[in-house]
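>>> Structure for this input, please:
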Amino acid sequence: MIESDVERCIGAGFDRQVDRHHEIERNRPAVELCREVDDRSRLGSALAGLWSCHLLRANYAEARALADELRALASVDPNPVLAAFAARVAGMTAVHVGVFQAARTHLEHGVTLVTADG
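Alright, predicted model coming up:
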């Protein structure tokens, strides 16, 4: 009985790993389409989804590139929520690669953006 429960848990974990790969493949076309048609209103969400997939798969170089792109998008978009989220994305990426001072800077900046409006 216990062995079958363990096997199910291992199998479920493996299935989730496979699903994460498929999530990347599902999110990538959304990002590419938003870039192609210059749809900035949806690009942030698409980048965030793809960033999350890469971060969870420990594809840190790709996650960092997406975080940088999200920050660049936020720098030209007046939406303070996007700016705060981009700071969080940059901070969490830095945490995962062990650059803790940069992580703190990004995360604190995100907090100031959120608290500045109220």
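>>> for this protein, which spans come out with low pLDDT?
1-24, 117-118 (pLDDT under 70).
>>> tally of neighbours for His96?
Counted with other CB atoms under 10 Å, the neighbours of His96 add up to 15. Any C-beta I mention is one placed from the backbone N, CA and C, and that applies to glycine too.
>>> what about it, which helix or strand?
Per DSSP states H and E, His96 falls inside helix 80-97.
>>> Pull out the buried positions in the following helix or strand past that helix.
Next helix or strand after helix 80-97 toward the C-terminus (DSSP H and E): helix 100-116. Buried residues in helix 100-116, counted by 16 or more other CB atoms under 10 Å: Ala103, His106, Leu107, His109, Gly110, Leu113.
>>> Quick check, the fifth one in contact with Gly91.
Spelled out, that is Gly110. Yes - Gly110 is within contact range of Gly91, at 6.5 Å (criterion: CB atoms under 8 Å).
>>> Could you say which helix or strand holds His54?
Assessed by DSSP H and E, His54 sits inside helix 40-56.
>>> For that helix, which residues meet the burial criterion?
Leu43, Gly44, Ala46, Leu47, Ala48, Gly49, Leu50, Trp51, Ser52, Cys53, His54, Leu55.
>>> Contact partners for the residue lying closest to the last one once chain neighbours are set aside?
In space, Leu55 comes closest to Ala63 once its chain neighbours are excluded; the distance is 4.4 Å by CB to CB, 6 or more residues apart in numbering. With contact taken as CB atoms under 8 Å, 6 or more residues apart in numbering, Ala63 is in contact with Trp51, His54, Leu55, Thr93, His96.
>>> make it 6 Å
Residues counted as contacts of Ala63 (CB atoms under 6 Å, 6 or more residues apart in numbering) are Trp51, His54, Leu55, Thr93.
>>> which of those lies closest to Pro78?
Proximity of the contacts of Ala63 to Pro78 (CB to CB) peaks at Trp51, which lies at 21.4 Å.
>>> Hmm, Leu66 and the closest one touching each other?
Yes - applying CB atoms under 6 Å, one finds Trp51 in contact with Leu66, separated by 4.1 Å.
>>> returning to that earlier point: okay, angle between the helix or strand containing the residue nearest to Leu55 and helix 80-97 too, please.
Using DSSP H and E, Ala63 sits within helix 60-75. Between the axes of helix 60-75 and helix 80-97, defined by axes from the mean of the first three to the mean of the last three CA atoms, to 10 degrees, the angle is 160 degrees.
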